[in-house]
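1. dropping a prediction and its sequence here:
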Number of protein chains: 2
Amino acid sequence: MTSQLATKESTKTLLLESGIEIMLEKGYNNTGIMEVLKRTGVPKGSFYHYFESKEDFGLKIIDHFAEGHKEKLDKTLGDRSLSPLSRLKGFCRLAVSNFQSLNCRKGCLIGNLSQEMSDQSEVFRKRLLEIQGESHRRFADCIREGQQRGEISKKYNGDDLAELFLSVWSGAFVRAKTAKTIEPLHAVERLLFEHILVP
Amino acid sequence: MTSQLATKESTKTLLLESGIEIMLEKGYNNTGIMEVLKRTGVPKGSFYHYFESKEDFGLKIIDHFAEGHKEKLDKTLGDRSLSPLSRLKGFCRLAVSNFQSLNCRKGCLIGNLSQEMSDQSEVFRKRLLEIQGESHRRFADCIREGQQRGEISKKYNGDDLAELFLSVWSGAFVRAKTAKTIEPLHAVERLLFEHILVP
DNA sequence: TAACAGATTAGACCAGTCGTCTAGGGTATG
DNA sequence: CATACCCTAGACGACTGGTCTAATCTGTTA
């Protein structure tokens, strides 16, 4: 029974992670179940054993990705051994180097799906919004802490600044995906860390 | 002959404009030719008379949208009767009010398709990149002019600032689409015009 | 060992899409 | 009237994607 559960979980996880890979490049609408199945070698019938529908699969993928994303935030923004500003920098460096090692493809699933699905599905929109909100909160906390320490300029409202940070970041990723270079990310990093955030 | 041309052009334009409407909400992959045809009442056979393929249609849609976009830029950023900073503000106000009147849907086709198609089609990517570049150039020009006049802070590099402006703006639209409120746009506007841009 | 239950697989099935094709209708010109 | 060309009509084939049902496999229990 334990082995069954283990198998079940690993097949399911396999499908989810493979799905994340494909959806990162092709979006929700354009990724077909068959492609996920071919890549993993899982038979078609199994898919609908583990997931109710493509929509269910998509939502589970979002949750699975969000978990991984949360861990990344923990490792960067949550690292109390660094100053708040350094944590923000660390987050950016990690994101840029991941993106670069992927040949300027994919980007962030939450951002991609938010753009694609917000007008198409209320279920997706709401789930995505929750995750965005959680991210925003964590960035805002980090920024406010930096402001208290005098490391980040106090002239801005912390929530607004977090909003700007996230917006500029996700926008720059789209630019970078299109240009297939990390230069837009660097431009934005320079402005943020050399001028805007500093007091 | 003139009337034929007129008819031809109007049917073609009708298809393009209807296509823009649908693609703005559903993206490229998820909009079917049939839906465009149904909405316009144009018969299917005509579609392939005017366009070679769906891809051709998509690219023509991008061009058509880009023309309209250029006109919007002319009216806002190109209005020499206003100061550069006022032009930037005017652009933002117009964009926000359009977006609001559309119930926080759709956004900008170039941004949307850039996100969706950059990893999927080189043809699309290149065309989209050109248009982004053109936008960037126009914003950078306006910003530099503002800097020369002492209206915009000189401590930033003009190109970088244009990059930030466009990134933050498109990113905030995604946030706003997901949250279905214009608040993210306002937050970003406040920071931009009350703190970052001003000397 | 035999029966059973639940997990998993196989693939038939239907709906919908894209893109093509041929036949026909409209319209202006010689 | 004839002719040439633009446009329309919609059937059609090929294919894909998502769903569903029936069969199989596996492990447990009597």
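-> Structure's in. What do you need?

2. residue in chain A nearest to DNA strand C?
-> Across chain A, the shortest distance to DNA strand C (C-beta to the nearest atom of the strand) belongs to A:Gly45, at 1.9 Å. Backbone N, C-alpha and C define where each C-beta goes, glycine included.

3. on the pLDDT front, check that residue for me.
-> Listed pLDDT for A:Gly45 reads 84.

4. can you tell me how far it is from B:Gly111?
-> 40 Å (C-beta to C-beta, to the nearest Å).

5. quick one, which of these two is more surrounded?
-> B:Gly111 (23 against 8; other C-beta atoms under 10 Å in any protein chain shown).

6. which residue is the nearest non-sequential neighbour of that one?
-> B:Ser170 (4.4 Å; C-beta to C-beta, 6 or more residues apart in numbering or on different chains).

7. is it correct that the one you found is in contact with A:Lys177?
-> No - between B:Ser170 and A:Lys177 there is no contact under C-beta atoms under 8 Å: 11.7 Å.

8. where do the helices sit along chain A?
-> A:2-26, A:33-40, A:44-50, A:54-76, A:84-101, A:109-117, A:122-148, A:158-179, A:183-190 (DSSP state H).

9. circling back to that earlier point, ok now do the residue nearest to B:Gly111, which residues does it touch?
-> B:Ser170 sits next to A:171, A:174-175, B:107-108, B:111 when contact means C-beta atoms under 8 Å, 6 or more residues apart in numbering or on different chains.

10. what's the burial count for A:Thr13?
-> That count, for A:Thr13 with other C-beta under 10 Å as the rule, works out to 12.

11. list the contacts for the closest residue to it other than its chain neighbours?
-> In this structure, A:Thr13 finds its nearest non-sequential neighbour in A:His64, 7.8 Å apart by C-beta to C-beta, 6+ apart. By C-beta under 8 Å, 6+ apart, the residues touching A:His64 are A:13, A:16-17, A:20.

12. what sits closest to A:Gln132 if chain neighbours are left out?
-> Per C-beta to C-beta, 6+ apart, closest to A:Gln132 is B:Thr178, 6.1 Å.

13. likewise for A:Lys89?
-> Using C-beta to C-beta, 6+ apart, the closest residue to A:Lys89 is A:Phe193 (6.2 Å).

14. just A:Lys180 next, same as before
-> Per C-beta to C-beta, 6+ apart, closest to A:Lys180 is A:Cys104, 4.6 Å.

15. wait, the one you found touches A:Thr178, no?
-> No - counting by C-beta under 8 Å, A:Thr178 is not a contact partner of A:Cys104; they are 9.1 Å apart.

16. residues in contact with the residue nearest to A:Lys89?
-> A:85, A:88-89, A:92.

17. want to throw those residues into a markdown table with pLDDT, distance to A:Arg125 and neighbour count?
-> Listed next are the contacts of A:Phe193 as a markdown table, based on pLDDT from 0 to 100; distance: C-beta to C-beta, whole Å; neighbours: other C-beta atoms under 10 Å in any protein chain shown:
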| residue | pLDDT | distance to A:Arg125 | neighbour count |
| --- | --- | --- | --- |
| A:Leu85 | 97 | 33 | 19 |
| A:Leu88 | 97 | 28 | 23 |
| A:Lys89 | 97 | 31 | 17 |
| A:Cys92 | 97 | 27 | 19 |
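
18. contacts with DNA strand C among these, please.
-> Under the cut-off given by C-beta under 7 Å from any atom of the strand, DNA strand C has nothing from those close to it.

19. out of these, which one sits closest to B:Glu116?
-> Distance to B:Glu116 across the contacts of A:Phe193 (C-beta to C-beta) is lowest for A:Cys92, with 24.4 Å.

20. what lies in contact with stretch A:29-40?
-> Counting by C-beta under 8 Å, 6+ apart, A:14-15, A:18-19, A:22-23, A:42-44, A:47, A:54, A:57, A:116, B:26-27, B:29-30, B:120 sit against stretch A:29-40.

21. on that earlier part again, pull the most distant pair out of the contacts of B:Ser170.
-> A:Arg175 and B:Gly107 (15.1 Å).

22. out of those two, which sits in the more crowded spot?
-> Taking neighbours as other C-beta under 10 Å, A:Arg175 and B:Gly107 compare with A:Arg175 leading, 25 against 22.

23. that one contacts A:Thr181, doesn't it?
-> No - the criterion here is C-beta under 8 Å, and A:Arg175 misses it with A:Thr181 at 9.2 Å.

24. which residues touch A:Lys44?
-> Contacts of A:Lys44 by C-beta under 8 Å, 6+ apart are A:33-34, A:37.

25. also A:Glu145?
-> Taking C-beta under 8 Å, 6+ apart, we find A:Glu145 in contact with A:Pro84.

26. what's the spacing between the most centrally placed residue in chain A and B:Arg93?
-> Nearest to the geometric centre of chain A sits A:Cys108, at 4.0 Å (C-alpha atoms, centre = their mean). The gap separating A:Cys108 from B:Arg93 is 29 Å, by C-beta to C-beta.

27. what do you get for A:Phe65?
-> 36 Å.

28. which one of the two has more residues nearby?
-> A:Phe65 (21 against 12).

29. and the closest residue to that one other than its chain neighbours, how many neighbours does it have?
-> Residue nearest to A:Phe65 in three dimensions, not counting chain neighbours: A:Leu109, with 4.7 Å by C-beta to C-beta, 6+ apart. Residues contacting A:Leu109 under the criterion other C-beta under 10 Å number 23.

30. wait, A:Leu109 sits on A:Ile20?
-> Yes - taking C-beta under 8 Å as the definition, A:Leu109 is a contact partner of A:Ile20 at 6.4 Å.

31. pull up the overlap in contacts between those two.
-> A:61, A:65.

32. rewinding a little: let's see the pLDDT reported for the residue nearest to A:Thr13.
-> The model's pLDDT for A:His64 equals 93.

33. what do you get for A:Phe51?
-> The predicted local confidence for A:Phe51 is 90.

34. and it, what does it touch?
-> A:Phe51 sits in contact with A:15, A:57, A:60, where contact means C-beta under 8 Å, 6+ apart.

35. can you pull the phi/psi pair for A:Tyr156?
-> phi -100, psi 150 (degrees, to the nearest 10).

36. number of nearby residues for it?
-> Neighbourhood size, A:Tyr156 [other C-beta under 10 Å]: 20.
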